[in-house]
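Visitor: after the sequence you'll find the predicted model.
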Amino acid sequence: TQLLEQSPQFLSIQEGENLTVYCNSSSVFSSLQWYRQEPGEGPVLLVTVVTGGEVKKLKRLTFQFGDARKDSSLHITAAQPGDTGLYLCAGFTGGGNKLTFGTGTQLKVEL
Amino acid sequence: GAVVSQHPSWVICKSGTSVKIECRSLDFQATTMFWYRQFPKQSLMLMATSNEGSKATYEQGVEKDKFLINHASLTLSTLTVTSAHPEDSSFYICSGQAQYYEQYFGPGTRLTVT
């Protein structure tokens, strides 16, 4: 079973601070996705990274896929209370269509 | 983006009864749908893969006789929790697979078994 470990597990910060969430595995993923989930709702896709070393920016969010396609990171600049939520990485392996979800990072941004 | 709905959004049932949850792709056809389970403050765990017109494929440790999945059309999959027990209480989320393996998630169904 492929395992995607996220760190940190919980993060509570003040508005305006920067943060990085890590997603690590011993397995290679053909592509990796990041989702954000709010309480009582389904996860919402933020980004998909496909190429090793790829960097994608989405406003204040920067996503990076490791060169070996085993790890990824999400960096948020100047966090806002609206960024609060559960962040999940998820990866596809080989030619399969099943997503393996990471362990999750619960982020709380306070005023 | 593509929209997936779930019904009901929450349900409370008594121990021993069965509960059916519907998952619909509203604006696209999903030959494959997935069912996940999520406990409080935890990640999503894949329960089964549902393919239209064929039997579902269950993940290791998931009882197929307890969690009955039917995918009768390209826009509807159902999950029936049979003889529910309090330990089945959880947040159940489905997703529909569009082209290029993109998955669109439903809003989830909160099941509480008393």
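Guide: Ah, there it is.
Visitor: quick one, what contacts residue A:7?
Guide: Contact criterion Cβ atoms under 8 Å, 6 or more residues apart in numbering or on different chains gives A:21, A:22, A:24, A:105 as the residues in contact with residue A:7. Quick note: C-beta positions are derived from backbone N, CA and C, even for glycine.
Visitor: beta-bridge partners for it, please?
Guide: Bridge pairing for residue A:7 (DSSP bridges) gives the partners residue A:22.
Visitor: Provide a list of residues in contact with the one residue in chain B that gets nearest to chain A.
Guide: The shortest separation between chain B and chain A is 3.6 Å, found at residue B:105 (distances taken as Cβ to the nearest Cβ). With contact taken as Cβ under 8 Å, 6+ apart, residue B:105 is in contact with A:35, A:42, A:43, A:44, B:4, B:93, B:94, B:95.
Visitor: greatest separation within the contacts of residue A:7: which pair is it?
Guide: Set against one another by Cβ to Cβ, the contacts of residue A:7 have their most distant pair in A:24 and A:105, with a gap of 12.0 Å.
Visitor: name the SS class of the residue sitting furthest away from the middle of chain B, please.
Guide: Counting by Cα atoms, centre = their mean, the extreme residue of chain B relative to its mean C-alpha position is residue B:100, 21.2 Å from that point. At residue B:100, secondary structure determined by DSSP: H, G, I helix; E, B strand; the rest coil is helix.
Visitor: so what's it up against?
Guide: Listed by Cβ under 8 Å, 6+ apart, residue B:100 has no contact partners.
Visitor: coming back round to it: could you dump the contacts of residue B:105 into a markdown table and include pLDDT and distance to residue A:79?
Guide: What follows is those, written out as a markdown table (pLDDT from 0 to 100; distance: Cβ to Cβ, whole Å):
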| residue | pLDDT | distance to residue A:79 |
| --- | --- | --- |
| A:35 | 96 | 17 |
| A:42 | 94 | 23 |
| A:43 | 95 | 19 |
| A:44 | 93 | 17 |
| B:4 | 96 | 29 |
| B:93 | 98 | 26 |
| B:94 | 97 | 31 |
| B:95 | 96 | 28 |
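Visitor: filter those to the buried ones?
Guide: Neighbour counting over the contacts of residue B:105 (16 or more other Cβ atoms under 10 Å in any protein chain shown) leaves A:35, A:42, A:43, B:4, B:93, B:94, B:95 as the buried ones.
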